[in-house]
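J.: Here is my input; please provide its structure:
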Amino acid sequence: MADKDIDITKEEGGDTITFKATLPDHSDEAELVLSNISDNLFNAHHTGVPKSMGGKGVGTALVKAMSEDARDLGYKVVPGCPFVAAWFKRKPEWAKMAAAEPELFTK
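T.: Numbering: from 1, shown residues only. Reported below is the predicted structural model:
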């Protein structure tokens, strides 16, 4: 499944940013949640992808959308979620939005 088949939306409320993903013909929704820590610093602490959406690139699309948003708006991300940390480790171009070096995220 291509990224173009995944619909990503961004919701902001209070100190939280939530990226949500849906697929055509699926009623489930995946999400990546960030909480504000301080000025221009967010903790990406939760990525949830329902089993029905697994293996379709949804989690990757969420991390990519978050990384592009961080780049465009100038905030940094603490990868509190293991999924986000793993992707930052694998994708140096996305890790540029991280608040620390990728090798510090996971062992």
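
J.: Tell me which residues of the helix or strand hosting residue 36 come out buried.
T.: For residue 36, the host element (DSSP states H and E) is strand 30-38. Applying a neighbour-count criterion of 16 or more other CB atoms under 10 Å, the buried positions in strand 30-38 are 30, 31, 32, 33, 34, 35, 37. No exception for glycine: its C-beta is placed from N, CA and C like everyone else's.

J.: other SSEs contacting it?
T.: strand 16-22, strand 41-48, helix 58-73 (3 or more CB pairs under 8 Å, 6 or more residues apart in numbering; DSSP states H and E).

J.: so which of these comes closest to residue 83?
T.: Comparing the helices and strands packed on strand 30-38 against residue 83 with CB to CB, the closest turns out to be strand 41-48 (4.4 Å).

J.: just the angle between the strand holding residue 36 and helix 58-73, please?
T.: 30 degrees (axes from the mean of the first three to the mean of the last three CA atoms, to 10 degrees).

J.: So in that sheet, which strands flank strand 30-38, and in what orientation?
T.: Applying DSSP bridges to the sheet, strand 30-38 is found paired with strand 16-22 (antiparallel), strand 41-48 (antiparallel).
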